[in-house]
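J.: Give me the fold of what follows.
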Amino acid sequence: MSLRVAPSKMNLIRFKRTLSFLSRAHDLLEEKRDILLLEVNRRIGEATKLRGELDSLLREAYTKLDQAAAVVGSKEIESAAKFPSTTFDLSTSKKKVMGVSVISLNLENLVRTTNYGFERPTVFIDEAAEKFKQALQLIVRVAELENTLINLVEEVKRTQRRINALEQFLIPRYSATVSMISNILEERDREEFVRVKKVKRILERRAEVHENA
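T.: Numbering: from 1, shown residues only. I've put the predicted structure just below:
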């Protein structure tokens, strides 16, 4: 469906320029989408790897915790768990990834303290606490990465919607308008050519009549 415009040479030039701009914008958006998809796939692989490391680390931590409970007893574990043994600061900032604004998580001042007595064996508790401390660092990395993935995927969707709008609406309408104006102007040129030829023949005949008179 073409746009309703006056079929003039000026409009033809204007709409051709706009169509050229829309085509370039379409190509750039497709390129952006493809690059974003590559980045999404790369980060999915990274997130999958980190998730695997985190699951493995948490399994080790809970195994150590079970071993500690078997040695010192569940009540001792519960008592040790009443007070936080690890403190940290978590700050956020914004950064750009492929032009997309994402949140950066910064884990700082991570400190583990001992809040239980030494009258009973605590090596398994120590090992479990250390594993959970390492897991915390991975959790922050995974959270940041997955948040980045969500934002990148949303940007892919937005970019695809713009591509669809260009492909299904804007470019077809402007193409149809350019084609419509071109056809009308060509038809006018043909009619003008025919009219000029008729006038020329009439003038030639009149000239012949005057010469023969």
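J.: Show me where the protein has its strands.
T.: For the chain, the strands defined by DSSP state E cover 86-97, 100-112.
J.: winner for burial among these?
T.: The highest mean neighbour count among the strands of the chain, using mean count of other Cβ atoms under 10 Å, belongs to strand 100-112: a mean of 13. Every residue, glycine included, has its C-beta placed from N, CA and C.
J.: what's around residue 47, how many residues?
T.: Residues within reach of residue 47, counting by other Cβ atoms under 10 Å, total 17.
J.: which one is it nearest to, not counting chain neighbours?
T.: In space, residue 47 comes closest to residue 145 once its chain neighbours are excluded; the distance is 4.9 Å by Cβ to Cβ, 6 or more residues apart in numbering.
J.: and the gap between that neighbour and residue 49?
T.: 10 Å (Cβ to Cβ, to the nearest Å).
J.: More neighbours: these two, which one.
T.: residue 145 (18 against 10).
J.: if I pick the more buried one, what's in contact with it?
T.: 43, 46, 47, 50 (Cβ atoms under 8 Å, 6 or more residues apart in numbering).
J.: any idea of the pLDDT on the first one?
T.: As predicted, residue 43 sits at a pLDDT of 92.
J.: thought it was touching residue 149?
T.: Yes: the pair residue 43 and residue 149 qualifies as a contact (Cβ atoms under 8 Å) at a distance of 5.4 Å.
J.: Could you count how many residues lie near residue 12?
T.: With other Cβ under 10 Å as criterion, residue 12 counts 18.
J.: Give me the distance from the helix of greatest length in the chain to the chain's centre.
T.: For the chain, the helix with the greatest residue count under DSSP state H is helix 9-72. The chain centre lies 8 Å from the centre of helix 9-72; the measure is Cα atoms, centre = their mean, to the nearest Å.
J.: other SSEs contacting that helix?
T.: Packing partners of helix 9-72 (3 or more Cβ pairs under 8 Å, 6 or more residues apart in numbering; DSSP states H and E): helix 74-81, helix 123-165, helix 171-212.
J.: Need those in TSV (columns: mean pLDDT and distance to residue 6).
T.: TSV is the format used below for the helices and strands packed on helix 9-72 (pLDDT from 0 to 100; distance: least, Cβ to Cβ, whole Å):
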stretch	mean pLDDT	distance to residue 6
helix 74-81	70	79
helix 123-165	90	26
helix 171-212	81	9
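J.: I'd like those helices written out as CSV, with distance to residue 33 added.
T.: Compiled in CSV, these are given as follows (distance: least, Cβ to Cβ, whole Å):
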stretch, distance to residue 33
helix 74-81, 48
helix 123-165, 5
helix 171-212, 16
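J.: Looking at the contacts of residue 145, which one is closest to residue 156?
T.: residue 43 (12.0 Å; Cβ to Cβ).
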